[in-house]
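>>> Here's a sequence, model it:
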Amino acid sequence: MAVLDEYILRAARLLSGAADEDVDALCREIMQVFDLDYTNPEALKYINSSSSFRYSKSDLGMILQKLRLKREDSDDKAFGAAFCATITQHIRRLEQALEEGVKDDELKAVYDSIDYVYANARGYDSYTDGLASYSYGSSNRNDFNDEQTQLRIDKLKHFRDEELRKLKIAEAQGASVSLTASATSNVQVTLEATFEQIDKLPETTLSDDEKTLLKGMMGDLNTKDKSKRGSKLDKLLSWLAGKGTDVFIAAMPYIVQLIKSQLS
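Here you go, the predicted structure:
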């Protein structure tokens, strides 16, 4: 668990009454670790006083709010506000369950709503590894605990990192190639420009995760191995066939251009 996540969990549990910890001590510890730009005006009265200011639960609530905003900002900078939004949403739901101390059937319902998304999803084959309640079909309440919740969080963060890595690889492979659009003009279609067109597609047409998958498959077409390129192209075209016309229009100019350049 990251340091920021750990402090968010400690603060949330203390506020909910699920933890026995000194509020003032935790607030001071957090303020020493993070630059949160938070000051209780009441604290100014104690600057030249023999008494010391003590943080309250109200202060801790404000500090917790700033910690959460800091985490959101950190994720946005690393992944982009819309990148893998579904995975991030599921991570947050599990973190909330952990912070609130959700247990038993309520926690099982949280697990089920997330497990069923990833357990059989392509590319997430290892998701169920180590998940006791899923792997063995158990309904034992001992399988619904903080360790199992944290394991799911760690798995989803790993998958999100992998999706970003694949996207970066695809972007790095996006070299510009020429496509003759007509006898009198040349059109330059880059992978980056194609990605921009894909990103403009509404969520109802293509989800964020599907956009990431499409970008990865398009980036894979740049392989120098002709046999691999052919199989990757077949896979991509098969995938596109199941999508709408808008998706096809966004992706095909680059694909046609790439094929022509590699055949010439």
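
>>> all strands for the stretch 101-250 of the chain, in order.
Here the stretch 101-250 of the chain has its strands, by DSSP state E, counting those that start in this stretch, at 177-180, 186-189.

>>> which one of these has the lowest average pLDDT?
The stretch with the lowest mean pLDDT among the strands of the stretch 101-250 of the chain is strand 177-180, at a mean of 39.

>>> what's the nearest residue to the residue positioned nearest the centre of the chain if we skip its chain neighbours?
Geometric centre of the chain, nearest residue: Thr88, 3.8 Å, by C-alpha atoms, centre = their mean. Closest residue to Thr88 apart from its sequence neighbours, by C-beta to C-beta, 6 or more residues apart in numbering: Asp75 at 6.3 Å. For the C-beta atoms, the positions are set from N, CA and C on the backbone; glycine is no exception.

>>> Contact partners for the closest residue in space to Lys155 that isn't next to it in sequence?
With C-beta to C-beta, 6+ apart as the criterion, Lys155 has its nearest non-adjacent residue at 5.8 Å, and that residue is Tyr127. By C-beta atoms under 8 Å, 6 or more residues apart in numbering, the contact set of Tyr127 is 115, 118-119, 121, 155, 159.

>>> Any idea which of those the model trusts least?
Ala121 (83).

>>> What is the burial count for it?
Look at Ala121: counted by other C-beta atoms under 10 Å, it has 12 neighbours.

>>> And the helices in this protein?
Applying DSSP state H to the chain gives helices spanning 3-16, 23-33, 57-79, 85-100, 104-118, 132-135, 146-172, 191-199, 208-219, 226-241, 245-263.

>>> Determine which of those helices approaches Leu44 most closely.
Of all the helices of the chain, helix 57-79 sits nearest to Leu44, with 13.6 Å by C-beta to C-beta.

>>> any idea how far Leu206 lies from Leu237?
Distance, Leu206 to Leu237, by C-beta to C-beta, to the nearest Å: 16 Å.

>>> the more surrounded of these two?
Neighbours per residue, other C-beta under 10 Å: of Leu206 and Leu237, the larger number sits with Leu206, 20 against 14.

>>> Excluding chain neighbours, what is closest to the more buried one?
Closest to Leu206 by C-beta to C-beta, 6+ apart is Val247, at 5.6 Å.

>>> Could you report the separation of that neighbour from Trp239?
Look at Val247 and Trp239: by C-beta to C-beta, they are 9 Å apart.

>>> hang on, the earlier thing: quick check, the residue nearest to the centre of the chain in contact with Gly80.
No - using C-beta atoms under 8 Å, Thr88 is not in contact with Gly80, being 10.2 Å away.

>>> Show the average pLDDT along stretch 48-68.
Across stretch 48-68, the average pLDDT comes to 90.

>>> Return the set of buried residues in it.
Neighbour counts over stretch 48-68 (16 or more other C-beta atoms under 10 Å) mark 53-55, 59-60, 62-64, 67-68 as buried.

>>> Name the helix or strand of this structure that has the lowest mean pLDDT.
Using mean pLDDT, DSSP states H and E, strand 177-180 stands out as the lowest-scoring helix or strand of the chain, at a mean of 39.

>>> now Asp146: how far from Leu201?
Using C-beta to C-beta, one gets 39 Å for the distance from Asp146 to Leu201.

>>> Of the two, which one has the most company?
The neighbour count for Asp146 versus Leu201, taken as other C-beta under 10 Å, is higher for Leu201 (20 against 14).

>>> wait, doesn't the more buried one sit right on Val247?
Yes - counting by C-beta under 8 Å, Leu201 does reach Val247; the two are 6.5 Å apart.

>>> what stretches of this structure score poorly on pLDDT?
81-82, 133-139, 171-189, 259-264 (pLDDT under 70).

>>> What is the burial count for the closest residue to Leu64 other than its chain neighbours?
Leaving aside its sequence neighbours, Leu64 sits nearest to Ala11 (C-beta to C-beta, 6+ apart; 4.3 Å). Using other C-beta under 10 Å, the number of residues around Ala11 comes to 25.
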